[in-house]
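Peer 1: any chance you could fold what I've pasted below:
(one chain, ligands or ions: 2)
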Amino acid sequence: MIIAVDGPAASGKGTIARALARHYHLPHLDTGLLYRAVAATVLREELDPEREADAVASCGFDDLLLADEYLRTDEVGKVASIVSAHPLVRAALLQRQKRFALQPGGAILDGRDIGTVIAPDADAKLFIKATPTIRAQRRHAELKKAGLSVSIDKVLADIRARDERDSKRAAAPLVAAPDAAVLDTSFLSIDSAVQKAIQLVERLRAAKAGRL
Ligand SMILES: Nc1ncnc2c1ncn2[C@@H]1O[C@H](COP(=O)(O)OP(=O)(O)O)[C@@H](O)[C@H]1O
Ligand SMILES: Nc1ccn([C@@H]2O[C@H](COP(=O)(O)OP(=O)(O)O)[C@@H](O)[C@H]2O)c(=O)n1
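Peer 2: Ligands and ions are numbered 1, 2, ... in the order given. The predicted model follows:
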């Protein structure tokens, strides 16, 4: 079974995708980390994220970088959203994600374009959302816990800017697939959001199996 989980920053998609991976015993890929690794490489090499050639030159990162806590920072998230708008960067990361999705036994991937581009034939597609204010509160608490000091106003402004850039770009914009189930986690606890996600996956896969 392939499960696609998409949504904007701090909507809870990673939390839900990890819980679904445990529930269904499936491997999980956080695709945002790939774009964050490109961004971290651009920053380290002091390249220009707006220049497609600079961003593409940063796509051959070492996988060890994916575990680096620096990737979780707001600065890297912002630059990830700049480099991810370049079609050649998306092309450079495409096959790796498709291979992961199509591995025997299935997989769960979370990101922005999983249901639309990476796994358009996924058995279940979820689009996770929450209000910008609630997402900013969650991300702020997360950054604070990690010892990073940043004001909630800045986190909210960054989230809004990232939403705008990710939704308006021409290449694989952030948008719910027409056959995705939308889950608003704004007023749900993590446990309730995960339970709802499992119910939705069961409903979607049953509906898909019925159609075949
Ligand atoms: N339903 C929820 N209620 C409260 N906090 C949540 C909820 N879902 C996720 N979180 C918290 O919000 C933060 C961002 O969640 P995460 O799953 O990493 O979001 P995303 O992957 O969409 O960026 C994490 O600290 C996570 O524990
Ligand atoms: N499948 C994906 C995943 C992430 N991204 C980009 O990478 C950035 C960082 O993604 P992320 O999932 O790590 O960010 P959060 O939602 O965790 O804040 C996003 O803002 C997108 O611009 C993308 O374009 N496509």
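Peer 1: give me phi/psi at the nearest residue to L183 once chain neighbours are set aside?
Peer 2: Spatial nearest neighbour of L183, excluding adjacent residues (Cβ to Cβ, 6 or more residues apart in numbering): I128 at 5.3 Å. In short, each C-beta sits where N, CA and C put it, glycine included. I128 adopts backbone torsions of phi -100, psi 130, taken as degrees, to the nearest 10.
Peer 1: thinking I128 is in contact with A19, fair?
Peer 2: No. Using Cβ atoms under 8 Å, I128 makes no contact with A19, being 11.7 Å away.
Peer 1: those two: who's more crowded?
Peer 2: Applying other Cβ atoms under 10 Å to I128 and A19 shows that I128 carries more neighbours, namely 26 against 20.
Peer 1: quick one: residues contacting the more buried one.
Peer 2: Contact partners of I128, counting by Cβ atoms under 8 Å, 6 or more residues apart in numbering, are 5-7, 11-13, 16, 183, 185, 193, 197.
Peer 1: quick check: it vs ligand 2, distance?
Peer 2: Per Cβ to the nearest ligand atom, to the nearest Å, I128 is found 10 Å from ligand 2.
Peer 1: now do A10
Peer 2: Taking Cβ to the nearest ligand atom, one finds A10 at 6 Å from ligand 2.
Peer 1: kindly report the same for R211.
Peer 2: 26 Å.
Peer 1: just K208 next, same as before
Peer 2: On the measure of Cβ to the nearest ligand atom, K208 and ligand 2 end up 22 Å apart.
Peer 1: per-residue confidence at that residue?
Peer 2: pLDDT for K208: 84.
Peer 1: hang on, the earlier thing: how about the contacts of I128 in CSV, adding distance to R160 and pLDDT?
Peer 2: Shown next, in CSV, are the contacts of I128 (distance: Cβ to Cβ, whole Å; pLDDT from 0 to 100):
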residue, distance to R160, pLDDT
V5, 22, 98
D6, 18, 98
G7, 15, 97
S11, 14, 97
G12, 18, 97
K13, 18, 98
I16, 22, 98
L183, 21, 98
T185, 18, 98
A193, 22, 98
A197, 25, 98
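Peer 1: and ligand 1, which of those residues reach it?
Peer 2: Restricting those to those within reach of ligand 1 (Cβ under 6 Å from any ligand atom) leaves 7, 11-13, 185, 193.
Peer 1: and these, which two are the farthest apart?
Peer 2: Farthest-apart pair in the ones next to ligand 1 among the contacts of I128 is G7 and A193; separation 11.3 Å (Cβ to Cβ).
Peer 1: neighbour count winner among those two?
Peer 2: G7 (28 against 23).
Peer 1: find the nearest non-adjacent residue to the more buried one, please.
Peer 2: Excluding its sequence neighbours, the residue lying closest to G7 (Cβ to Cβ, 6+ apart) is I128, at 3.5 Å.
Peer 1: quick one: that neighbour from ligand 1, how far?
Peer 2: As judged by Cβ to the nearest ligand atom, I128 and ligand 1 stand 6 Å apart.
Peer 1: over to S58?
Peer 2: Counting by Cβ to the nearest ligand atom - S58 and ligand 1 are separated by 22 Å.
Peer 1: lovely, talk soon.
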